[in-house]
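J.: A predicted structure for the sequence below; I have some questions about it.
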Number of protein chains: 2
Amino acid sequence: MKCGPPWLRTKFVSAGYRWTLPRQVILDVLQKSSGHLSAEDIYFAVHKRYPAIGLTTVYRTLDLLVQMGLVFKFDFGDGRARYESIKKGKGQKHHHHLICTGCGRVIDYTDFIDEEIELLNLTEKELSKKYNFKILNHIIQFYGLCDKCK
Amino acid sequence: MKCGPPWLRTKFVSAGYRWTLPRQVILDVLQKSSGHLSAEDIYFAVHKRYPAIGLTTVYRTLDLLVQMGLVFKFDFGDGRARYESIKKGKGQKHHHHLICTGCGRVIDYTDFIDEEIELLNLTEKELSKKYNFKILNHIIQFYGLCDKCK
DNA sequence: CTAACTGCAAATTCTTTGCATTAGT
DNA sequence: ACTAATGCAAAGAATTTGCAGTTAG
């Protein structure tokens, strides 16, 4: 892990933020991981490489990254926030979630059916127009019972 | 507020639960309110009518109602859970959410719901089959910036 | 040099738990 | 009567804040 792509550094500096080691490492962890990490997950991964980086910094950095639009924060309803890089590394795709309310298992799926994509396009377009809203992301989660729990 | 519809009482009793005052009041508050209440909101509303009912009971009752499939729990990412009755009172419709990540404003929308619902049904059917999952509910949230924040 | 950033410890906030009491059935 | 349900106070877990020391620009 060096310094990441130059445009990232520029993005930070030109916004008046500093391109610090913790920020580089946290972004790197997020981009390399396979999604929905909790703050603690990120802290462990980061801490393994740089034990001097503390949990507080992880939280503060994540807030900043979310605010800058580089990272997306969401929630499965288990009382802890999850974070995911918006720019995915190779092999990572946008996905939706199937969440078992019985055992808490989360299934990611990326094989959206045509109807689902159509749904999203239609809705995003209509909503943007009607509410003058710039839509950046969405969460689609289906809740139910998995094969073991039902 | 009396005792609610008789089928509700039956549902509780036949599952081995008791049809208690706090449960009646909490369900009533949820059905009459316009959606996404936090536990504290519910506590205040309930407490106004029956000051003897405590916050702990509100949490425990909400867990039960969620588990019984009468209430849905979700999260806007602000660190507190929200609850909504699945059976809506008159004037209330199923809706999805548009959330501004800038100011935290939440817009409910019920427009385009018909098309969305149809596409959702297809999606749910496919997913159920593919993952052998019994889908009970869904969350659809669009995140972005509202007119003031963008 | 100086303002942004950091780590630590303490504080907050939301939610859950232990336990003695109350109340449906 | 029997046991689920309740309220209170205390505990727990996730996240935030105050502050003094550190570091990028």
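T.: Yep, that arrived.

J.: once you drop chain neighbours, what's closest to A:His36?
T.: A:Arg82 (4.2 Å; C-beta to C-beta, 6 or more residues apart in numbering or on different chains). No exception for glycine: its C-beta is placed from N, CA and C like everyone else's.

J.: what's the helix or strand harbouring that neighbour packed up against?
T.: Using DSSP states H and E, the element containing A:Arg82 is strand A:81-85. Using 3 or more C-beta pairs under 8 Å, 6 or more residues apart in numbering or on different chains; DSSP states H and E as the contact test, the elements touching strand A:81-85 are helix A:21-32, strand A:37-38, helix A:39-49, helix A:55-67, strand A:71-75.

J.: what helices or strands is the first one leaning on?
T.: With contacts taken as 3+ C-beta pairs under 8 Å, 6+ apart, helix A:21-32 sits against helix A:39-49, helix A:55-67, strand A:81-85.

J.: please repeat the previous calculation with a cut-off of 6 Å.
T.: helix A:39-49, helix A:55-67 (3 or more C-beta pairs under 6 Å, 6 or more residues apart in numbering or on different chains; DSSP states H and E).

J.: quick one: mean pLDDT for that helix?
T.: Across helix A:21-32, pLDDT averages out at 96.

J.: so it, near DNA strand D or not?
T.: Yes. Judged by C-beta under 7 Å from any atom of the strand, helix A:21-32 comes into contact with DNA strand D through A:Leu21.

J.: just the C-alpha atoms of that helix, please, in PDB.
T.: Written as PDB, here are the backbone C-alpha positions of helix A:21-32 (Å, rounded to 0.1, in the frame of the first residue of the first chain):
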ATOM      1  CA  LEU A  21      -1.600   7.400   6.500                       C
ATOM      2  CA  PRO A  22      -4.800   6.300   8.400                       C
ATOM      3  CA  ARG A  23      -7.000   7.600   5.600                       C
ATOM      4  CA  GLN A  24      -4.900   5.800   2.900                       C
ATOM      5  CA  VAL A  25      -5.000   2.500   4.800                       C
ATOM      6  CA  ILE A  26      -8.700   2.600   5.600                       C
ATOM      7  CA  LEU A  27      -9.600   3.400   2.000                       C
ATOM      8  CA  ASP A  28      -7.300   0.600   0.900                       C
ATOM      9  CA  VAL A  29      -8.900  -1.900   3.300                       C
ATOM     10  CA  LEU A  30     -12.400  -0.900   2.100                       C
ATOM     11  CA  GLN A  31     -11.500  -1.200  -1.600                       C
ATOM     12  CA  LYS A  32      -9.900  -4.600  -1.200                       C
END
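
J.: quick one: the strand ranked longest in chain A to strand A:81-85, angle?
T.: In chain A, taking DSSP state E as the definition, the longest strand is strand A:134-145. Put simply, strand A:134-145 runs at 130 degrees to strand A:81-85, going by axes from the mean of the first three to the mean of the last three C-alpha atoms, to 10 degrees.

J.: quick one: contacts of strand A:134-145?
T.: Here strand A:134-145 makes contact (C-beta atoms under 6 Å, 6 or more residues apart in numbering or on different chains) with A:72, A:74, A:96-102, A:124, A:128, B:133-145, B:150.
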